Each structure stands twice: as structure tokens, then as C-alpha cells.
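Participant: fold the following, please.
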Amino acid sequence: TPPSSVHIPNSLTSVCASMATSDSQDGETGIVDYYMVLDVDTDVSQELIRKQFHKLSLEVHPDKCKEPQDAAMMTEKFQQLCTAYAALGTPENRRKYDATVSNTSLVVQDFPVDDEIDLDDMKYDESNDKYTYSCRCGSCFQVTEDALDAGVDIVTCGGCTLSIRVLYEAADDQE
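Facilitator: This is a model prediction of the structure:
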């Protein structure tokens with residue numbers, strides 16, 4: 001079974017650094033284990049990664065949610081699965097992710113994005129410290145302030161596999 005709570009990695013995405021758990025994130029490096037998010041071993045085939053992503057996404061897809069109070073959690077988990085699949089779903093992206101994990105000082109995000117959106121164009125919700133941006137699929141991209149502070153700039157949509165790069169300048173903590 002997949003971890004009960006997963007997180008989108010600091011070096012690769014998106015949704016939020018505040019979602020991290022000790023189950024899927026290395027406490028020393030801050031890098032999320034996408035293999036754990038997808039509940040697969042590091043030496044599995046691309047085909048098995050694809051199958052596992054599809055299996056898990058059907059289990060946690062927000063449209064499958066029967067209880068309204070669980071909708072946010074299901075959306076969050078689905079977004080996390082999409083981010084993990086974006087990192088591991090192609091041989092090229094998987095090689096980049098594996099290189100990031102093996103070289104923990106590497107924090108550059110270098111994954112395909114569908115669009116670049118300025119942070120000023122995103123809506124900010126103070127109640128949960130999240131920025132959102134509507135996707136053409138009808139769902140939205142979400143990122144927290146904590147994730148942005150951690151260097152996350154690639155965000156996946158909660159309803160499809162599109163991703164955006166959030167353009168912003170990091171605030172200087174010394175000011």
C-alpha cells in the first residue's frame with residue numbers, strides 16, 4: 001500500500017514542502033523519495049512505474065471521493081502522485097531525479113513544464129498559505145509559501161498531468 005501521506009520533493013516540484021512526512025522525505029537532504037510515493041523499488045521498469053501510477057491514481061483520484069471531508073486529502077495525494085510520476089515517468093526525467101538524489105547538493109529543477117506563470121498572477125489564500133492558478137482542465141495548480149521558500153518552482157495540476165514553472169524572486173530573510 002502507498003504511504004498514508006506523501007510529499008512533493010523540494011528539488012523537483014510543486015505542491016508543497018509543508019506536506020512532507022518522514023515516510024517519504026529524507027530529513028537530512030529534504031529530498032522526497034518519489035519511489036516511495038509510488039510505492040515501487042528503485043530498480044523497477046518504466047512500465048511498472050506507469051502501471052503503479054495508474055493504479056494509485058485511480059485509488060486517490062478526487063473524482064472517486066465519496067466523503068466531502070476527504071476531498072482535499074484526495075486532491076493533495078493525487079497531486080503528489082502526479083508530481084512523482086512527472087519525475088519518474090520518463091527515462092530522461094528518472095535519470096535526472098536519480099542524479100539529484102545521488103548528488104544532494106543539486107537543487108536545480110530541470111523538468112518539462114507546459115507554461116511559466118508569474119507568482120503575481122496566482123491567487124493567494126491566507127487561510128492555508130497556498131497560491132493557486134486555474135488549469136485549462138478545470139482543476140488548479142497549488143503551491144504553498146513553504147514550498148516556494150524551499151525552492152520549489154515546478155507545480156503539477158491536481159486534475160491532469162500538466163505542470164507549470166512558478167516565476168518569483170525568493171525573499172531575502174535578512175531584510
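
Participant: now Arg50, nearest residue through space, not along the chain?
Facilitator: The shortest distance from Arg50 to any non-neighbouring residue, by CB to CB, 6 or more residues apart in numbering, is to Gly89 (6.7 Å). In short, each C-beta sits where N, CA and C put it, glycine included.

Participant: looking at the protein, which helix is longest?
Facilitator: helix 71-88 (DSSP state H).

Participant: in it, which residues are buried?
Facilitator: For helix 71-88, the neighbour count (16 or more other CB atoms under 10 Å) marks 74-88 as buried.

Participant: kindly report the same for stretch 54-69.
Facilitator: 56-57, 60-62, 65.

Participant: how about the contacts made by Thr42?
Facilitator: Contacts for Thr42 (CB atoms under 8 Å, 6 or more residues apart in numbering) come out as 35, 98.

Participant: go again using 10 Å as the cut-off
Facilitator: Neighbour list for Thr42: 33-36, 88, 94, 98, 101 [criterion: CB atoms under 10 Å, 6 or more residues apart in numbering].

Participant: mind jotting down where the strands sit in the chain?
Facilitator: 115-118, 123-125, 130-134, 140-144, 154-156, 163-167 (DSSP state E).

Participant: mind putting those in TSV, mean neighbour count and distance to Asp70 included?
Facilitator: Formatted as TSV, these follow (neighbours: other CB atoms under 10 Å; distance: least, CB to CB, whole Å):
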stretch	mean neighbour count	distance to Asp70
strand 115-118	12	29
strand 123-125	12	20
strand 130-134	18	18
strand 140-144	23	17
strand 154-156	29	20
strand 163-167	18	25
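
Participant: low-confidence regions, this structure specifically.
Facilitator: For the chain, applying pLDDT under 70 flags the ranges 1-30, 102-111, 170-175.

Participant: where do the helices sit along it?
Facilitator: Counting by DSSP H, the helices of the chain are 34-37, 46-60, 71-88, 91-102, 145-149.

Participant: can you lay out those as a markdown table showing distance to Glu126?
Facilitator: Below are the helices of the chain laid out as a markdown table (distance: least, CB to CB, whole Å):
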| stretch | distance to Glu126 |
| --- | --- |
| helix 34-37 | 28 |
| helix 46-60 | 27 |
| helix 71-88 | 17 |
| helix 91-102 | 32 |
| helix 145-149 | 10 |
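
Participant: Ser163: which of the ones you listed is closest?
Facilitator: helix 71-88 (6.0 Å; CB to CB).

Participant: helices or strands next to the closest one in the packing?
Facilitator: Using 3 or more CB pairs under 10 Å, 6 or more residues apart in numbering; DSSP states H and E, the elements in contact with helix 71-88 are helix 34-37, helix 46-60, helix 91-102, strand 140-144, strand 154-156, strand 163-167.
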